[in-house]
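Undergrad: Below is the sequence, then the predicted model.
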Amino acid sequence: MCGRFVVAGERRDLLGLFEIEVEGENLPAPSWNVRPTDRIPTVVESVKGDGQPVRRLEGARWSLTPSYSKTLQTKFPTFNARSESAAEKPFFANSVRSKRAIIPASGYYEWKTEGKTKTPYYIRPTDGMIGFAGLYSWWRDAARADDDPARWVLTATILTRDAVGALRGIHERTPVTLPNEWWDEWLDPTTEGDQSFVDAAVAASTPAVEALVMHQVAALRGDDRAELINPL
């Protein structure tokens, strides 16, 4: 799973790396302790009318809420979605079809459990940033007026897969880390996604997941500072 992660890159770094065409408003600042329901930078592509897909960097609430939900808060956690069944789950199926996202990250935290002891690790690429395979959905707040810009809330989730390689010694699940050559295909809203498409993305992610490195860090608390990722 992925319950905490890091986005240390500046906005300008994300704009260049992901070839962003439109920069959204109210993007979150860099963070070394991103938690579920926090606002996260999210890369999406959308089409208006007969135009071409436009790639945007937006701020999203990290926990997906489907458009049909009556409330923003869901009955169960949706900050992660299992890749093996995402296309079959009502909460995520519509997003798999045409609302796929990339969640930029510098790395993420995972806890190794031994008995009653949980030891935190920071897991990251050897260089640069990574892109987690994600899904998004726009949720409308019916309590707000039609002319209120805040009536629409962008929400997102991170897909997870079975851990491989050294990561299996930490936790059985890990985010789907997309290789760069898959970014365009994953984001393209004109490609109708299904379970086989998700499975192909997961298979392509294996080398990137196996290349991640890790080190133990101090216990995470409520603060947010760069020193949280320092090795012990």
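TA: Perfect, I can see it now.

Undergrad: What residues of the helix or strand of the chain with the lowest mean pLDDT count as buried?
TA: Using mean pLDDT, DSSP states H and E, helix 11-17 stands out as the lowest-scoring helix or strand of the chain, at a mean of 92. Using 16 or more other C-beta atoms under 10 Å as the test for burial, helix 11-17 gives D13, L14, L15, L17. From N, CA and C alone the C-beta is placed, and that goes for glycine too.

Undergrad: For it, name the packing helices and strands.
TA: Under the contact definition 3 or more C-beta pairs under 8 Å, 6 or more residues apart in numbering; DSSP states H and E, helix 11-17 sits against strand 39-46, strand 54-62.

Undergrad: And the next helix or strand past the helix or strand encompassing L154?
TA: Using DSSP states H and E, L154 sits in strand 152-162. Counting by DSSP H and E, the next helix or strand C-terminal to strand 152-162 is strand 173-175.

Undergrad: Run the angle between the longest helix anywhere in the chain and strand 152-162 for me.
TA: Using DSSP state H, we find that the single longest helix of the chain is helix 195-210. Interaxial angle of helix 195-210 relative to strand 152-162 (axes from the mean of the first three to the mean of the last three C-alpha atoms, to 10 degrees): 70 degrees.

Undergrad: a strand runs through L27, doesn't it?
TA: No: membership of L27 in a strand is not supported by DSSP: H, G, I helix; E, B strand; the rest coil, which gives coil.

Undergrad: Skipping its backbone neighbours, what lies nearest it in space?
TA: Distance criterion C-beta to C-beta, 6 or more residues apart in numbering; nearest residue to L27, sequence neighbours excluded, is G59 at 4.9 Å.

Undergrad: about what we covered before: tell me the one of the buried residues of helix 11-17 nearest A105?
TA: Closest approach between these and A105, by C-beta to C-beta: L14, at 10.5 Å.

Undergrad: Which phi and psi values does the residue lying closest to the closest one once chain neighbours are set aside adopt?
TA: Of all residues not flanking L14 in the chain, P104 sits nearest, at 5.4 Å (C-beta to C-beta, 6+ apart). Main-chain dihedrals, P104, degrees, to the nearest 10: phi -70, psi 140.

Undergrad: How about P104: which residues does it bridge to?
TA: Note on P104: beta-bridge partners G131, judged by DSSP bridges.

Undergrad: shouldn't it be in contact with G16?
TA: No: assessed by C-beta atoms under 8 Å, P104 is found out of contact with G16, at 11.5 Å.

Undergrad: mind listing what's buried in stretch 224-232?
TA: Going by 16+ other C-beta under 10 Å, stretch 224-232 has these buried residues: D224, L228, I229.

Undergrad: same question, stretch 46-60
TA: Of all the residues in stretch 46-60, those buried under the rule 16+ other C-beta under 10 Å are S46, P53, R55, R56, L57, E58, G59, A60.

Undergrad: Tell me which two of these sit farthest apart.
TA: Applying C-beta to C-beta across the buried residues of stretch 46-60, the maximum distance is between P53 and G59, 19.8 Å.

Undergrad: Take the helices and strands packed on helix 11-17 and lay them out in JSON lines including distance to T191.
TA: As requested, the helices and strands packed on helix 11-17 are arranged in JSON lines below (distance: least, C-beta to C-beta, whole Å):
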{"stretch": "strand 39-46", "distance to T191": "10"}
{"stretch": "strand 54-62", "distance to T191": "14"}
